[in-house]
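>>> For reference, the sequence and a predicted model appear below.
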Number of protein chains: 2
Amino acid sequence: MTKIRISPGHRSITWDPSRSLMDQLLENGIYLDNACSGRGLCGKCRIRVVSGEGTPVTGEEEKLLSREELDSGIRLACMMEPVTDLELETVGGEKKGKVLTGGYIPEFQRAPLTRMMPLTVERQTVEQQTPFEDVLMEKTGAVRVDANALMGGSRAPGEYTAVIREGSVVDIVPGHQTKYYGAAVDIGTTTVVCSLVDMETGEILADASEINAQKTFGLDVLSRITYEMEHPEEGAGKLQRAIVESMNAMIGEVCRETGVRRESIREITVAANCTMLHLLLGIDARPVGTAPFAPVFTGSRNLLASDIGLKAGERAALYCLPSVSAYIGADIVAGAYVCDLQHRKGNVLFIDIGTNGEIVLASGGRLLSCSCAAGPALEGMNISCGMRAADGAIEDVVITADGEVERKVIGDEAPCGICGSGILTVTRELIRTGIVRKTGAFAKADAFDEEDPRRKLIEVEEDGKRSFRLLDGERSLRITQGDVRQVQLAKGAILSGFMALLNRAGIGMEDLDEVLIAGQFGAHLPADSLTGVGILPKGVEDRMRYVGNSSRTGAYMALLSGVCRRDMEELAHHMEYVELGATEGYERLFSDCLIFPGESGGRREHRNRRERRERRECRERRECSNLRGGGREGSEGSCEDRKESR
Amino acid sequence: MTKIRISPGHRSITWDPSRSLMDQLLENGIYLDNACSGRGLCGKCRIRVVSGEGTPVTGEEEKLLSREELDSGIRLACMMEPVTDLELETVGGEKKGKVLTGGYIPEFQRAPLTRMMPLTVERQTVEQQTPFEDVLMEKTGAVRVDANALMGGSRAPGEYTAVIREGSVVDIVPGHQTKYYGAAVDIGTTTVVCSLVDMETGEILADASEINAQKTFGLDVLSRITYEMEHPEEGAGKLQRAIVESMNAMIGEVCRETGVRRESIREITVAANCTMLHLLLGIDARPVGTAPFAPVFTGSRNLLASDIGLKAGERAALYCLPSVSAYIGADIVAGAYVCDLQHRKGNVLFIDIGTNGEIVLASGGRLLSCSCAAGPALEGMNISCGMRAADGAIEDVVITADGEVERKVIGDEAPCGICGSGILTVTRELIRTGIVRKTGAFAKADAFDEEDPRRKLIEVEEDGKRSFRLLDGERSLRITQGDVRQVQLAKGAILSGFMALLNRAGIGMEDLDEVLIAGQFGAHLPADSLTGVGILPKGVEDRMRYVGNSSRTGAYMALLSGVCRRDMEELAHHMEYVELGATEGYERLFSDCLIFPGESGGRREHRNRRERRERRECRERRECSNLRGGGREGSEGSCEDRKESR
């Protein structure tokens, strides 16, 4: 039997030749990046062979790993198999990201569904043998006592506290206790945020945030659904365990930080996109990733936290916010509710920019919503030197008039890649300076005068394609033609979704009263970047407002108020979902929206033959890249036009 | 470490000197009779030492074991401890009893709360992405789909069957299935009966019955409550596990017998006395056994079978019928309901004779109920040669005119003891023949002529007390003065309860229209035995009717009809509980009711001084015996006047 030993952690596993090394590492809790679900496409599942011999380096590894990396023993866990016993080392520990937990919270009436009611059960007489249960109901006004609440422990006369939820006594604790807590959780595809809340006061006592542990099964929702498809026996279970364990750890963290006992957490609420909710509850997520994209459920869910293995108080309740459709999840419903879209006057656009861009347009009493397959480029993924917004990531770029490239780096470390906001700003700069044309194609270096400082910023790669020299030196970084195309696809997707909703509502850009930008990623994007690359039109810049992590805020409000839950359920029911793929003329609209704003602004350009050809090429690349991004090749209707939601 | 090896089974345990041998044997699944909770009072926990040395024989063992038994290595597990490694043998395997599963079932409308609804989920379109959940609700009319029902397994378009309970989809199974099953369970303190029911047709497919596995923790409810008191950490858990495992085994048995899959059992209903229900649910039963006898609950209970470890279909429901008080349990509510007491014209008495006699009097729209501490004598316990109604038990006795003793034995085996109906009939015969006087005292042998054949039937024991020679020969059996006193106490308790209810209702014996005899034990008692010893007055003999195991029947009806459940809940609410101990003049009434009917019938006898003294002695013995039967000596108000219910 071949043994594999992994450090750090010094875990040992016995090699099972029937399955891939990556699968076995993942199963044993060795978390690897796995953006392409083990296809040898993303090059993220790097490990280093410290000793022992693996199978020969594959073509995919040659392509995705540099000579130096290969020489230092770096391999891809999805490609290599052991020949002898191996000693492996994981490469590059996770860096702590900047995560947005705060944001705008509207005023609302706190009315938690769970209440604590201290009471004293007196000794009965032989004449009046009133059962404990009846005393409880009389003193609390509850109409029911759950059998489980009566179980375990003494029920002699004395002091107790009844935990009451919607007219039922759901737990009984000894002594008089009034303090109790709740956890409001926002499960993003990338990041999970958990807030510990004092249920009496509504105060947020602590926040924790973690990278979603499911990332090892794929970076976007489709990769994870694909993982579930490819592992029909145990895939869903593993994805569920990953997020549940992650939530348990975060709840543990906020409890430790505040000295709150985990047992006194009585309610947990979760906002997330529809896929994340399926995966959390262990409900078949495959229909979400397969045409016709009919999810198993969109309604809110009430269950026990323990039903899915969450560790909290005895019979703590878990509430999952309602979704609208497979691609307008509870995170967006929460955002729309927090921003009070259903009651706003005028025309208001709500947009959550992530791997999917979800857009809600409130207009004339209607709430129209759509989801656009932006792709992960705006989060730094699928970009040659892309990374998440972590220490060492370039998050802002300016090209000065004399051709200098100024870079702002997160954590003031040496730059090692570029994150979403960085790629957006660099694209804005490339457009502004004319290095990239409106069509998205790099200008030729000789299009600029010999003296023009821009000339030296353009490089020609081995394959003849042009790129931008973002950073030279020990670690050289380039923005390639492919990278710009990724941003262009994202821009086209979001802008066309936006336009499609305006068309559907019969209004124009000038009729918009407000544009609300929600979510983790949006908050890091200055308005001039969004309009600079044309994700949003220049004209709305002065009407933009950032609302922060409105998904987490929605979970927080649901935690503290049954009325908010009911209102959100009604709102979800009221929201109309516009399936862009099924909308007439959408392909043409998308094609139009691919054009970057020129130096002359966003004015409709004359389309010459070359531009048309370029657009066609771009579309083709888009289809191809969508398939690679997680779609199941060859399976009917699967995954096209679908990307992660947040 | 001292090792103990037990056969049959060849189990080995390591001796823990801090706890009794009996406790350790029980914990290791060696079931011993333990009527007195390890006090050395009942002599039932016999084991045989095959090899090795134990501590010296105690005074209690000298008293409770015969010379022959001691010589053959028989010891009491509650008294002995090992000195060296021991090899032990259990004594006398459990014999299969005769258990009553049938009985009268009234007509009722079947309307099960759980229904199976086959349906087909069609493939959706991109234009109409209706979630699986919504299709389900639309097709079934359910208003809710439990999150747990959606979990696990594919939810692709196809054929499914929704399991619907009270408007909620609680489970979803693949394919079209309409067959589903239920289990109706009657948990008696002594015997558990389980019926497998076809929920579509209402047919009872199979019955199983077992001795209640909790018997090793005490034969009556108070011994078991005492066990819980003495083992506050783990006692309740052990008692619960014993009955749950027993129910799981019985469900397995009826499933095997019928080829029904356990997974297709969707509902379980349980009728039992109040203590058994507390113990089943793992709810603190100690208040039931402690003055003022206020139970933790009397209401019906709805929970999941899996909540207490019952193994049945996914999220199968468990319903426990409602009780009235600590000593009028759901078994009696079920019986009263099955007999339609709430709607009967005239005055009807319902009586369930067991270790407790529970009596319900329907009169003038009221339902009065009481419970009398009959003691276990009528079930063959606390009788010197008593045993349960199993093979080898004498169940009927006749003393012929020429002084011959005719015995009827269960299973036509050699007689080895006497069961409840036997002790009742022998007492009837002793009274009828004047061998025992109305006061309960044995006649002196010389009270009879030299020629009188009765003379030879009376023997004088070593302690000077008289006894009846029931059987001579290899296995000699005697009915002692103490045995007769036990029957007398039972008789006095039941008759006085009966009279107390009549008094409370303001009616007399002659006003009774019907006397219904319920339960396992009652069904084995011929009317002339009941009236012969004066448990019921001679006058009601022609108005008596046996209704069988009406507790099981109630569980069966509740299984098949939500209406029956609601009706029983209302009935339980309507029933009035009369606490005999708190009833004025009860002690006097009890005292009067102790008198056996004389040769001259039940006529009120002239009380001379001797009779009064005898009655006083009898009362004193009763208090003493009640304490021995399981009461916690020295603990306030605990257990007096309380004995097992069925």
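Received, thanks.
>>> ok, A:Arg437 touching A:Ala443?
Yes - contact criterion C-beta atoms under 8 Å: A:Arg437 and A:Ala443 qualify, at 6.0 Å. From N, CA and C alone the C-beta is placed, and that goes for glycine too.
>>> which of the two has more neighbours?
A:Arg437 (20 against 17; other C-beta atoms under 10 Å in any protein chain shown).
>>> Right, and chain B sits closest to which residue of the stretch 401-550 of chain A?
Proximity to chain B, evaluated over the stretch 401-550 of chain A using C-beta to the nearest C-beta, is greatest for A:Arg504 at 14.2 Å.
>>> and the stretch 251-400 of chain A, which of its residues are near chain B?
A:281-284, A:286-287, A:291-299, A:301-303, A:307, A:320, A:325-326 (C-beta under 8 Å from any C-beta of the partner chain).
>>> I'd like to know which of those are buried.
Neighbour counting with 16 or more other C-beta atoms under 10 Å in any protein chain shown marks A:281-284, A:286-287, A:291-299, A:301-303, A:320, A:325-326 as buried within these.
>>> Restricted to helices, list the residues you listed.
Counting by DSSP state H, these place A:Leu281 in helices.
>>> What about the buried ones among the residues of the stretch 251-400 of chain A next to chain B, which are in strands?
When DSSP state E is applied, these are split such that A:301-303, A:320 fall in strands.
>>> List just the nearest of these to B:Arg262.
Nearest to B:Arg262 among those: A:Leu303, at 24.3 Å, using C-beta to C-beta.
>>> Leaving out sequence neighbours, find the closest residue to that closest one.
Excluding the flanking residues, the one nearest A:Leu303 by C-beta to C-beta, 6 or more residues apart in numbering or on different chains is B:Ala147, at 4.3 Å.
>>> Tell me who's in contact with that neighbour.
By C-beta atoms under 8 Å, 6 or more residues apart in numbering or on different chains, the contact set of B:Ala147 is A:281, A:283, A:301-303, A:307, A:320.
>>> and what of A:Val197?
A:181-184, A:203-205, A:556, A:559-560.
>>> Would you show me how to pick out the buried ones of those residues in PyMOL?
This is how PyMOL selects the buried members of the contacts of A:Val197, with burial counted by 16+ other C-beta under 10 Å:
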select buried, chain A and resi 181+182+183+184+204+205+556+559+560
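>>> which ones are touching A:Arg428?
By C-beta under 8 Å, 6+ apart, A:Arg428 lies in contact with A:528-529, A:532-533.
>>> Greatest separation within those: which pair is it?
The farthest-apart pair in the contacts of A:Arg428, when distances are taken by C-beta to C-beta, is A:Asp528 and A:Val533, at 9.7 Å.
>>> Compare the two and say which is more crowded by neighbours.
A:Val533 (29 against 13).
>>> For that one, give me phi and psi.
Main-chain dihedrals, A:Val533, degrees, to the nearest 10: phi -100, psi 0.
>>> do you know how far it is from B:Ala184?
Distance of A:Val533 to B:Ala184, computed by C-beta to C-beta, to the nearest Å: 70 Å.
>>> what's the answer for A:Val83, then?
63 Å.
>>> Neighbours of the residue lying closest to A:Gly40 once chain neighbours are set aside, how many?
Excluding the flanking residues, the one nearest A:Gly40 by C-beta to C-beta, 6+ apart is A:Glu60, at 3.5 Å. By other C-beta under 10 Å, the residues close to A:Glu60 number 15.
>>> Next: A:Ala142.
Per other C-beta under 10 Å, the neighbour tally for A:Ala142 reads 22.
>>> What sits closest to it if chain neighbours are left out?
A:Val169 (4.8 Å).
>>> element containing the one you found?
strand A:168-174 (DSSP states H and E).
>>> What residues of that strand count as buried?
Buried positions in strand A:168-174, judged by neighbour count with 16+ other C-beta under 10 Å: A:168-173.
>>> Following the chain onward from it, which element is next?
For strand A:168-174, the succeeding helix or strand toward the C-terminus, using DSSP H and E, is strand A:181-187.
>>> And that following strand, what does it pack against?
Judged by 3 or more C-beta pairs under 8 Å, 6 or more residues apart in numbering or on different chains; DSSP states H and E, the packing partners of strand A:181-187 are strand A:191-198, helix A:235-258, strand A:265-272, helix A:274-281, helix A:550-560.
>>> Make a markdown table from those and add mean pLDDT and distance to B:Cys385 to it.
Supplementary listing: those in a markdown table, determined by pLDDT from 0 to 100; distance: least, C-beta to C-beta, whole Å:
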| stretch | mean pLDDT | distance to B:Cys385 |
| --- | --- | --- |
| strand A:191-198 | 94 | 68 |
| helix A:235-258 | 96 | 60 |
| strand A:265-272 | 98 | 58 |
| helix A:274-281 | 98 | 62 |
| helix A:550-560 | 95 | 68 |
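>>> Which one of those lies nearest to B:Gly357?
strand A:265-272 (45.6 Å).
>>> Spell out which strands sit alongside that closest one in the sheet and which way each one runs.
Strand pairing for strand A:265-272, using DSSP bridges, gives strand A:181-187 (parallel), strand A:317-320 (parallel).
>>> Dump the ones you listed to CSV, plus distance to B:Thr189 and mean pLDDT.
Output for the strands paired with strand A:265-272, formatted as CSV (distance: least, C-beta to C-beta, whole Å; pLDDT from 0 to 100):
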stretch, distance to B:Thr189, mean pLDDT
strand A:181-187, 43, 97
strand A:317-320, 37, 98
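>>> okay, those in a markdown table with distance to A:Tyr227 next?
Formatted as a markdown table, the strands paired with strand A:265-272 follow (distance: least, C-beta to C-beta, whole Å):
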| stretch | distance to A:Tyr227 |
| --- | --- |
| strand A:181-187 | 17 |
| strand A:317-320 | 22 |
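>>> right, so of those, which gets closest to A:Val487?
strand A:181-187 (26.2 Å).
>>> Check the secondary structure at the residue of the stretch 401-550 of chain A closest to chain B for me.
Following DSSP: H, G, I helix; E, B strand; the rest coil, we place A:Arg504 in the helix state.
>>> Show me what from the stretch 101-250 of chain A comes close to chain B.
A:123-134, A:145-148, A:150-156.
>>> Run through who's touching the helix or strand hosting the residue nearest to A:Gly40.
Applying DSSP H and E as the criterion places A:Glu60 in helix A:59-64. By C-beta under 8 Å, 6+ apart, the surrounding residues in contact with helix A:59-64 are A:40-43, A:70, A:75-76, A:79-80.
>>> Apply 6 Å and report the result again.
Helix A:59-64 has contacts (C-beta atoms under 6 Å, 6 or more residues apart in numbering or on different chains) with A:40, A:43, A:76, A:79.
>>> Can you list the buried residues in it?
A:61, A:64.
>>> chain center to it: distance?
Its chain's C-alpha centre and that of helix A:59-64 lie 29 Å apart, by C-alpha atoms, centre = their mean, to the nearest Å.
>>> where in the stretch 401-550 of chain A is pLDDT low?
A:520-524 (pLDDT under 70).
>>> show me where it has strands.
For the stretch 401-550 of chain A, the strands defined by DSSP state E, counting those that start in this stretch occupy A:405-409, A:417-418, A:458-460, A:466-471, A:477-480, A:514-518, A:544-548.
>>> quick one: which of the ones you listed is nearest B:Val260?
Among those, strand A:514-518 sits nearest to B:Val260 (C-beta to C-beta), with 54.0 Å.
>>> ok, back up a step: which residues touch the residue of the stretch 401-550 of chain A closest to chain B?
Counting by C-beta under 6 Å, 6+ apart, A:Arg504 has contacts A:368, A:578.
>>> same check, this time on A:Pro322
With C-beta under 6 Å, 6+ apart, A:Pro322 has these contacts: A:299-300, A:330, A:333, A:569, A:572.
>>> so it, which of the three states?
With three-state DSSP as the basis, A:Pro322 sits in coil.
>>> per-residue confidence at it?
The model reports A:Pro322 with a pLDDT of 98.
>>> Cheers, nothing more for now.
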